[in-house]
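Visitor: pasting the structure only:
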């Protein structure tokens, strides 16, 4: 098998074809699921908090997402037990993506994983921010998640034409093919600078 074909063709996660189908997701699926939720949250936020407060709190929620993205990727996705059930779980969560990074149906988070996680996080946001401010913060968080998922797909399957897009793609490809212990911020690489995990071109192992 050619290397390009290998990078695209990830094996089944489950013997059941039905179960395995839930692990393969078209990139439009997160948009269809979360865009209506975001709109609802924004409508509630403006009604409860007004336009200007909503705008500021959405930005807060977005920043919270970028930190969540960085630490989820660094701590959870790259926790790599060497054998046993832990190794299997890691491969299912993230290892398969590093083994076959160009599989177009394994580049966004499956709803079976993202929906429970979103419920927990949004619930925590409402507990902390309250019913008045919670919708705006939650909207910002979910907007950040959608941006992340779609950027991640685009970095693997499109050639960016903007300077910013090319830079994001370069940094993410370094994470895949140069040093997977650096470059954890996909949509927000500035956190790698802050937490000293920024990947540089001359640091190949």
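Guide: Structure's in. What do you need? Owing to the predicted nature of the structure, the values given are computational and were not obtained by experimental measurement.

Visitor: pretty sure residue 114 is touching residue 25, no?
Guide: No: Residue 114 is beyond contact range of residue 25, at 9.1 Å (criterion: C-beta atoms under 8 Å). Every C-beta, even on glycine, is put in place using the N, C-alpha and C of the backbone.

Visitor: looking at those two, which is more packed in?
Guide: residue 25 (22 against 19; other C-beta atoms under 10 Å).

Visitor: and that one, what does it touch?
Guide: Taking C-beta atoms under 8 Å, 6 or more residues apart in numbering, we find residue 25 in contact with 105-106, 108-111.

Visitor: now do 10 Å
Guide: 104-114, 149, 153 (C-beta atoms under 10 Å, 6 or more residues apart in numbering).

Visitor: what is the least confident helix or strand in the chain?
Guide: Using mean pLDDT, DSSP states H and E, the weakest-scoring helix or strand in the chain turns out to be helix 3-8, at a mean of 52.

Visitor: check which element follows it along the chain.
Guide: helix 17-21 (DSSP states H and E).

Visitor: separation between residue 135 and residue 61?
Guide: 10 Å (C-beta to C-beta, to the nearest Å).

Visitor: list residues touching both of the two?
Guide: 41, 45, 122, 125, 129.

Visitor: which residue ranges of this structure form strands?
Guide: With DSSP state E, there are no strands along the chain.

Visitor: so residue 118 touches residue 111, yeah?
Guide: Yes: here residue 118 lies in contact with residue 111, judged by C-beta atoms under 10 Å, at a distance of 9.3 Å.

Visitor: now for those two: what residues contact both?
Guide: 33-34.

Visitor: the nearest residue to residue 118 once chain neighbours are set aside: what's it in contact with?
Guide: Leaving aside its sequence neighbours, residue 118 sits nearest to residue 142 (C-beta to C-beta, 6 or more residues apart in numbering; 6.9 Å). Listed by C-beta under 10 Å, 6+ apart, the contact partners of residue 142 are 30, 33-35, 37-38, 41-42, 58, 61-62, 65, 114, 118, 121-122, 125.

Visitor: again with residue 192
Guide: Counted by C-beta under 10 Å, 6+ apart, residue 192 has contacts 70, 74, 171, 175, 182-186, 198-199.

Visitor: between these, which has the most around it?
Guide: residue 185 (26 neighbours).

Visitor: pretty sure it is touching residue 172, no?
Guide: Yes: in this structure, residue 185 is within contact of residue 172 by C-beta under 10 Å, at 9.4 Å.

Visitor: surely residue 96 touches residue 106?
Guide: Yes: with contact defined as C-beta under 10 Å, residue 96 reaches residue 106; the gap is 6.3 Å.

Visitor: for the chain, what's the longest helix?
Guide: The longest helix of the chain (DSSP state H) is helix 111-157.

Visitor: average pLDDT across that one?
Guide: Mean per-residue pLDDT for helix 111-157: 95.

Visitor: with stretch 174-191 instead?
Guide: In the prediction, stretch 174-191 has an average pLDDT of 91.

Visitor: picking up where we left off before, so which of residue 135 and residue 61 has more stuff around it?
Guide: Set side by side, residue 135 and residue 61 show more neighbours around residue 135, with 29 against 26, by other C-beta under 10 Å.
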